[in-house]
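Colleague: requesting a structural model of the entry that follows:
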Amino acid sequence: MNAIRALIVDDEEPGRANLRYALQDHPAWNIVAECANVAMAREALDACAVDVIFLDIQMPRETGLILARELSTQATPPLVIFVTAFNAHAIEAFDLHALDYLLKPFDDERLALSLERAAAMLTQRQQASYAQAMSQYVKAEDEAKKEQPAYWQQVSVRSVGRIECIQLADVLWIEAAGNYMQLHLDERQMRRAVLHRVALSQLEKHLDPTHFMRVHRSAIVRRDQLSQLEVLGDGVYQLKLIDGNTVPVSERYVIEIRKRMRDG
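Modeller: Next up, the predicted model:
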């Protein structure tokens, strides 16, 4: 592919310099401008085409989130690699929305991975799906500041060279798979499973409890999928779902499941 045009936005000169020197080892990447704040970044974006933005989050006056919010309204925005000092909430949010980030101070291996991911998405022309993912991220961050944040309607999942936006209305059940979770979907009867590199507990707090319920440390199911609770032994249960799958049930959830099935 052609040279990748990059914009660096960081209020600290050492931060810009670190990225500038690191990118010298990647000849396919061309820095078109460096900006110390969001206002300068807007001017740079108006003046030249940009494929990828290295965007610092914490900056005076206007944060990187403000620029991300503006970019998320575009149909095909530049890809953003967020650059941030350690912040547990920020890192969790990026992971949940399949957005890429560099944690200061980053190493050569982590940078190379981010560059590879961005190049693959550009090659496959994934800016439209990326815009959806970033829009959901910005919306979630805005809602997190409210007293009663809204539950998510979709989740963004990264695979090789692309981001897929999964509607939670299509999710029948979710199971833990180590550091991943697997979303089991029913899209017009086209059953499939999608692997997402996020822990089950991270997603659970964003799910509407009127639609989803935890039944085991390794499983969350859609409430309208409950079919039959089976007793396998002393304190050992499993739940049969309408789609034919079975999931384990912890004893602590048995009363709630029975109540739900009794009330319909």
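Colleague: for the rest of this, base every contact and every neighbour count on C-alpha atoms.
Modeller: Will do.
Colleague: after the longest helix seen in the chain, next one along is what?
Modeller: The longest helix of the chain (DSSP state H) is helix 127-144. On the C-terminal side of helix 127-144, the nearest following helix or strand under DSSP states H and E is strand 154-159.
Colleague: which strands or helices does that following strand pack on?
Modeller: Other elements packing on strand 154-159 under the criterion 3 or more C-alpha pairs under 8 Å, 6 or more residues apart in numbering; DSSP states H and E are strand 162-167, strand 190-196.
Colleague: which residue ranges make up each domain of the chain?
Modeller: As assigned by automatic domain parsing, the chain contains the domains 4-143, 167-263.
Colleague: His216: what's it in contact with?
Modeller: Neighbouring residues of His216 by C-alpha atoms under 8 Å, 6 or more residues apart in numbering: Pro248, Val249, Ser250, Tyr253.
Colleague: out of the residues you listed, grab the one that's most surrounded.
Modeller: Looking at the contacts of His216 with neighbours defined as other C-alpha atoms under 10 Å, the largest count falls to Val249 at 25 neighbours.
Colleague: phi, psi for that residue please.
Modeller: phi -130, psi 130 (degrees, to the nearest 10).
Colleague: cool, His89 as well?
Modeller: According to degrees, to the nearest 10, His89 has phi -60, psi -40.
Colleague: His206 versus that one, what's the distance?
Modeller: With distances taken as C-alpha to C-alpha, to the nearest Å, His89 is found 14 Å from His206.
Colleague: same question, Arg262
Modeller: 26 Å.
Colleague: between these two, which is the more surrounded one?
Modeller: For Arg262 and His206, the more surrounded residue by other C-alpha under 10 Å is His206, and the numbers stand at 16 against 8.
Colleague: correct me if wrong: the more buried one contacts Tyr151.
Modeller: Yes. Judged on C-alpha atoms under 8 Å, His206 makes contact with Tyr151 at a distance of 5.2 Å.
Colleague: touching both of those two, which residues are there?
Modeller: By C-alpha under 8 Å, 6+ apart, no residue touches both His206 and Tyr151.
Colleague: point out where the stretch 1-150 of the chain drops to low pLDDT.
Modeller: Applying pLDDT under 70 to the stretch 1-150 of the chain flags residues 1, 147-149.
Colleague: all helices of it, in order?
Modeller: Ranges of helices in the stretch 1-150 of the chain, per DSSP state H, counting those that start in this stretch, are 13-23, 38-47, 64-71, 88-96, 108-123, 127-144.
Colleague: which of the ones you listed sits closest to Gly178?
Modeller: helix 88-96 (15.4 Å; C-alpha to C-alpha).
Colleague: which residues sit against stretch 63-78?
Modeller: 38, 50-53, 55-58, 80, 127-128, 130-132, 134-135, 138.
Colleague: drop anything exposed from the residues you listed.
Modeller: Among the contacts of stretch 63-78, those buried by neighbour count (16 or more other C-alpha atoms under 10 Å) are 38, 50-53, 55-57, 80, 127, 130-132, 134-135, 138.
Colleague: any chance of the helices of the stretch 1-150 of the chain in CSV, plus distance to Arg222?
Modeller: Output for these, formatted as CSV (distance: least, C-alpha to C-alpha, whole Å):
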stretch, distance to Arg222
helix 13-23, 45
helix 38-47, 42
helix 64-71, 31
helix 88-96, 20
helix 108-123, 32
helix 127-144, 22
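Colleague: coming back round to it: packing partners of the longest helix of the chain?
Modeller: Here helix 127-144 touches helix 64-71, strand 162-167, going by 3+ C-alpha pairs under 8 Å, 6+ apart.
Colleague: ok, which of these comes nearest Asn179?
Modeller: The nearest among the helices and strands packed on helix 127-144, by C-alpha to C-alpha, is strand 162-167 at 18.7 Å.
Colleague: what strands line up against the closest one, and which way round?
Modeller: Sheet pairing of strand 162-167 (DSSP bridges) gives strand 154-159 (antiparallel).
Colleague: what's the mean pLDDT across the partner strand?
Modeller: On average, the pLDDT along strand 154-159 is 84.
Colleague: equivalent analysis for stretch 186-200, please.
Modeller: When pLDDT is averaged along stretch 186-200, the result is 76.
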